[in-house]
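Chemist: Sequence first, then the predicted structure, then my questions.
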Amino acid sequence: MRTTRLLLSPLLLAMTAAPAMAQEAEIDMAQLGDFIRWSGVVTSLFVLAGAWFLLKLLSGFVNRFSSQFAARRLTMQKVATFAKFFIFIATGMIVIALSFKVDSTLLALIGGTAAVAVGFALKDLVASFVAGIMIIVDRPFQVGDRVSFGGYYGDVTAIGLRSVRLLTLDDNTITIPNNKFLSDITSSGNYGALDMQVVVDILIGAGEDFDLAREVLTEAALSSRYIYLPKPIVVLVSQVPMENFVAVRLRLKAYVLDTKHEKAFETDITLRTLRTFREKGIRPPGLSDGRAA
C-alpha cells in the first residue's frame with residue numbers, strides 16, 4: 001500500500017500542476033492581446049502587400065534581364081537572393097513595430113510561457129531561418145548552381161528564409177528545408193560559375209584502335225557548339241572488365257559554356273562520336289572480338 005502511494009504521488013502532482021500551467025498560459029496570451037496595435041495591424045497588411053508586389057517586381061526584372069544577358073544570369077540571381085532576404089527581414093521588423101507596443105513589459109511577457117509555447121510550435125521554422133542565413137553567409141552553394149543533394153540533381157533557383165528550391169532536369173521543382181543542408185552533403189558542379197565540367201563515357205572493344213578513337217572523341221568535343229574552350233579538354237583511357245570480356249573506356253572531361261546546356265552537350269558529343277566510329281569501323285565492346293554479330 002505504501003509503495004502504491006509513492007508511485008501515485010508524482011502523478012498527482014503533475015495532474016495538479018497541469019491546470020495551473022494552462023491557466024498561466026491563458027493569462028499570458030490575454031495580456032499579450034493588450035499590447036497589439038489594431039490600427040497598426042491594418043497598416044501591416046498594406047506593408048505585406050507592398051513587400052509581395054516588390055518581390056514579384058524583382059523576380060520579373062531578374063528573369064527578363066537574365067534571358068537577355070545570359071552571361072550575367074548568375075550574378076543577377078545572387079543579387080536578387082540578397083535583396084529578397086533583406087526585404088523579408090525588413091518587412092518582418094516593420095510589421096512587428098507597427099503591430100505591437102514594444103516595451104519592457106511586453107519583452108518580459110514574451111520571455112515567459114507564451115514564448116515557450118510559440119517557440120515550440122515554430123522551432124522547425126526558426127531552425128530553417130537560421131540555416132538559411134548560414135547558407136547565405138557560408139555559401140556552400142549559390143543560386144544558379146547545379147547541385148546534387150539527397151538523390152536530386154538540378155539548378156538552385158531560390159534560397160528563401162525557410163527552404164531552397166531546386167529545379168531538376170526533368171523540370172520538377174523540389175523544395176528542401178534549409179536545415180537539411182546543415183547535416184547532409186551537397187555537391188556543386190559549377191559553384192557560382194556559368195560553365196561546368198561534363199563527363200562523357202564512350203566504350204569500345206579492347207581490340208579497336210583506341211588512339212584513333214581518342215582523336216575522334218577529342219575532335220567531337222572541340223567542334224561542339226556548346227564547348228567552353230578557355231578550359232582544357234581531357235580524354236582518359238582505361239580498361240573496364242565486362243561480363244565475359246574487357247572493354248576500353250574513353251572518358252571525356254570537357255566544359256560546357258552554360259550549365260543549362262549540359263545534357264545537350266553530352267548528347268551532341270555522343271551522337272557525333274558514334275557516327276564517326278561507324279564510319280571509321282571502330283566497334284563497341286562485344287562486337288570487335290566476334291562475340292556478337
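Modeler: Sure thing, it's come through.
Chemist: For the rest of this, base every contact and every neighbour count on C-alpha atoms.
Modeler: Will do.
Chemist: How far away from the center of its chain is stretch 151-168?
Modeler: 3 Å (CA atoms, centre = their mean, to the nearest Å).
Chemist: In PDB, please show the C-alpha coordinates belonging to it.
Modeler: C-alpha atoms of stretch 151-168 as PDB (Å, rounded to 0.1, in the frame of the first residue of the first chain):
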ATOM      1  CA  GLY A 151      19.300  12.000 -54.600                       C
ATOM      2  CA  TYR A 152      18.100  15.100 -56.600                       C
ATOM      3  CA  TYR A 153      20.100  16.800 -59.200                       C
ATOM      4  CA  GLY A 154      19.300  20.200 -60.700                       C
ATOM      5  CA  ASP A 155      19.700  24.000 -60.500                       C
ATOM      6  CA  VAL A 156      19.200  26.000 -57.400                       C
ATOM      7  CA  THR A 157      16.500  28.600 -58.300                       C
ATOM      8  CA  ALA A 158      15.900  30.200 -55.000                       C
ATOM      9  CA  ILE A 159      17.300  30.400 -51.400                       C
ATOM     10  CA  GLY A 160      14.500  31.500 -49.100                       C
ATOM     11  CA  LEU A 161      14.000  32.100 -45.400                       C
ATOM     12  CA  ARG A 162      12.600  28.600 -45.000                       C
ATOM     13  CA  SER A 163      13.700  26.500 -47.900                       C
ATOM     14  CA  VAL A 164      15.800  26.000 -51.000                       C
ATOM     15  CA  ARG A 165      14.100  25.400 -54.400                       C
ATOM     16  CA  LEU A 166      15.800  23.000 -56.800                       C
ATOM     17  CA  LEU A 167      14.700  22.700 -60.400                       C
ATOM     18  CA  THR A 168      15.600  19.200 -61.700                       C
END
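Chemist: What's the mean pLDDT across that stretch?
Modeler: The predicted model gives stretch 151-168 an average pLDDT of 89.
Chemist: now what about it, what contacts it?
Modeler: The set of residues external to stretch 151-168 that reach it, using CA atoms under 8 Å, 6 or more residues apart in numbering, is 81, 84-85, 88, 125, 128-129, 132-133, 142-148, 169, 173-178.
Chemist: all helices for the stretch 1-150 of the chain, in order.
Modeler: Ranges of helices in the stretch 1-150 of the chain, per DSSP state H, counting those that start in this stretch, are 2-34, 38-68, 73-99, 104-110, 113-121, 123-138.
Chemist: pLDDT on the fourth one, on average?
Modeler: I take that to be helix 104-110. The average pLDDT within helix 104-110 is 58.
Chemist: again with the second one
Modeler: Regarding helix 38-68, the rounded mean pLDDT is 82.
Chemist: What is it packed up against?
Modeler: Where contact means 3 or more CA pairs under 8 Å, 6 or more residues apart in numbering; DSSP states H and E, helix 38-68 is packed against helix 73-99.
Chemist: Quick one: distance of the helix it packs on to the chain centre.
Modeler: Mean-position distance between helix 73-99 and its chain equals 19 Å (CA atoms, centre = their mean).
Chemist: other SSEs contacting it?
Modeler: In terms of contacts (3+ CA pairs under 8 Å, 6+ apart), helix 73-99 is packed against helix 38-68.
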